[in-house]
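Participant: Sequence isn't available, so here's the structure alone:
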């Protein structure tokens, strides 16, 4: 029996939060109902081929709690017109094999396709026994392939396999990974992130994206917060998202999920669970792979196995960074070093990381490319407090306190730089700008 539809507002579904800086993004919200005992499947080692027994309550719609059920019902009604005439996607069961002595009605004898690659409807000339009429033979929906014994799945079969994978992931609580493709608002006013998983749309409410914390405001502050959350999600379009399926509906192929559950489970697995040597998989000083989820001019935000942290420009590279977007983009995977880990529970966990220390070269090695009184071409990366920061074309960082050109140097200008001193402690060349080669206007 279908569940009764209930209206769900942002105040009921999104966790409360306070105002903050949109570029820095708000830290993850604690989860009251998190239970480590509900994680039977490891985030990385779970076998994707595991088949789970579906719940026994039946029905086309399956959800873990009423809130997800209400959202799932609303999504199903919104997309019901598109799939109303379609049958639910299911995998066909294995056919019964005929006995050696006889062939039951509606079944083929040994197919010539499997051995010769030609249609088996051609009558046999070497046997006198009569063959069934062509109209009595069952229709073949399997694709006839050029190579004997090969099999090709149609688009419908591939879709059925993926849908079965989503169902299986829901029943086994296995973590899936998709791409953040959109930000939408439902008819009830709920803001959801739309994740693409192999062609299927997965809706994740804002409160399950781990972007907000604190108490939810009301009135104009609430509208401002939701606008900021949509801006943050828009900046993350194209990023990889881990999620746990919380409900699915067979008729309209609607899926609702939670990113928070997936991140908390990965935190537990990689930062708290210990191996046979009594240490976690991620510890301070270890180099790991991270996902870039947002990029600003002077900051990059990464997700490191369930934990997000910002990396400022000075920690991104040994070279002066003018714009982080020149070297990093959303969806990229980079190597980072975890410098510090704090927090005693998955909800309170936070880390700091950098990319600079992963680079094998030292600043003193770069200075060997310059000599005193030498002149080099470079580009201005920043100007602060009268100090001009220059990245020379040979890879050396330089600082200029004065400029002989009548024009004022600005960010992005190509300049000619003269070295007066080499500061080996800071790893920079100190000098002055002799002239501006080309202004970036």
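Facilitator: All right, it came through fine. A quick note: this is a predicted structure, and the numbers were derived from the prediction, not measured.

Participant: from here on, contacts and neighbour counts on C-alpha atoms
Facilitator: Noted.

Participant: Below-threshold pLDDT in the stretch 201-350 of the chain: ranges please.
Facilitator: The stretch 201-350 of the chain contains residues with pLDDT under 70 at 213-214.

Participant: could you pull out the helices for it?
Facilitator: Assigned by DSSP state H, counting those that start in this stretch, the stretch 201-350 of the chain shows helices spanning 220-235, 259-267.

Participant: same for the longest one, what does it pack against?
Facilitator: So the one you mean is helix 220-235. Other elements packing on helix 220-235 under the criterion 3 or more CA pairs under 8 Å, 6 or more residues apart in numbering; DSSP states H and E are strand 175-185, strand 191-197.

Participant: and of those, who's closest to residue 392?
Facilitator: Closest to residue 392 of those, according to CA to CA: strand 175-185, at 37.6 Å.

Participant: what's the angle from that closest one to strand 191-197?
Facilitator: Using axes from the mean of the first three to the mean of the last three CA atoms, to 10 degrees, the inter-axis angle of strand 175-185 relative to strand 191-197 is 140 degrees.

Participant: Can you list the strands that strand 175-185 pairs with?
Facilitator: strand 191-197 (antiparallel), strand 240-249 (antiparallel) (DSSP bridges).

Participant: So which bits of it are buried?
Facilitator: For strand 175-185, the buried set under the neighbour-count rule, 16 or more other CA atoms under 10 Å, comprises 175-183.

Participant: Rebuild those residues as JSON lines, extending it with pLDDT and distance to residue 301.
Facilitator: Converted to JSON lines, the buried residues of strand 175-185 look like this (pLDDT from 0 to 100; distance: CA to CA, whole Å):
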{"residue": "175", "pLDDT": "95", "distance to residue 301": "22"}
{"residue": "176", "pLDDT": "96", "distance to residue 301": "21"}
{"residue": "177", "pLDDT": "95", "distance to residue 301": "18"}
{"residue": "178", "pLDDT": "95", "distance to residue 301": "18"}
{"residue": "179", "pLDDT": "96", "distance to residue 301": "16"}
{"residue": "180", "pLDDT": "95", "distance to residue 301": "15"}
{"residue": "181", "pLDDT": "94", "distance to residue 301": "18"}
{"residue": "182", "pLDDT": "93", "distance to residue 301": "19"}
{"residue": "183", "pLDDT": "93", "distance to residue 301": "19"}
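
Participant: quick one, longest helix in the protein?
Facilitator: helix 155-172 (DSSP state H).

Participant: Which other helices and strands does that helix contact?
Facilitator: Partner elements for helix 155-172 (3+ CA pairs under 8 Å, 6+ apart): strand 240-249.

Participant: by how many degrees do the strand it packs on and helix 259-267 diverge?
Facilitator: Strand 240-249 runs at 120 degrees relative to helix 259-267, counting by the same axes, to 10 degrees.

Participant: Kindly provide the distance from the closest residue to residue 393 other than its chain neighbours to residue 180.
Facilitator: In this structure, residue 393 finds its nearest non-sequential neighbour in residue 378, 5.0 Å apart by CA to CA, 6 or more residues apart in numbering. Going from residue 378 to residue 180 by CA to CA, to the nearest Å gives 38 Å.

Participant: same question, residue 291
Facilitator: Distance of residue 291 to residue 180, computed by CA to CA: 13 Å.

Participant: Return every residue with contacts to both of the two.
Facilitator: 239-240 (CA atoms under 8 Å, 6 or more residues apart in numbering).

Participant: coming back round to it: now do the longest helix of the chain against strand 240-249, angle only.
Facilitator: Here helix 155-172 points in a direction 90 degrees away from that of strand 240-249 (the same axes, to 10 degrees).

Participant: ok, the residue nearest to residue 273 when sequence neighbours are not counted - how many residues close by?
Facilitator: With CA to CA, 6+ apart as the criterion, residue 273 has its nearest non-adjacent residue at 5.6 Å, and that residue is residue 280. Residues lying near residue 280 (other CA atoms under 10 Å) number 15.

Participant: What of the one 3 residues further on?
Facilitator: If you count neighbours by other CA under 10 Å, residue 283 ends up with 17.

Participant: Same question for residue 435.
Facilitator: 18.

Participant: Got the domain ranges for this structure?
Facilitator: 10-50+60-86+156-264, 279-358, 363-438 (automatic domain parsing).

Participant: now for the ones you listed, which one comes closest to residue 142?
Facilitator: domain 10-50+60-86+156-264 (10.4 Å).

Participant: give the contact list for the nearest residue to residue 263 once chain neighbours are set aside.
Facilitator: With sequence-adjacent residues excluded and distances taken as CA to CA, 6+ apart, residue 263 is closest to residue 306, at 4.1 Å. By CA under 8 Å, 6+ apart, the residues touching residue 306 are 262-267.
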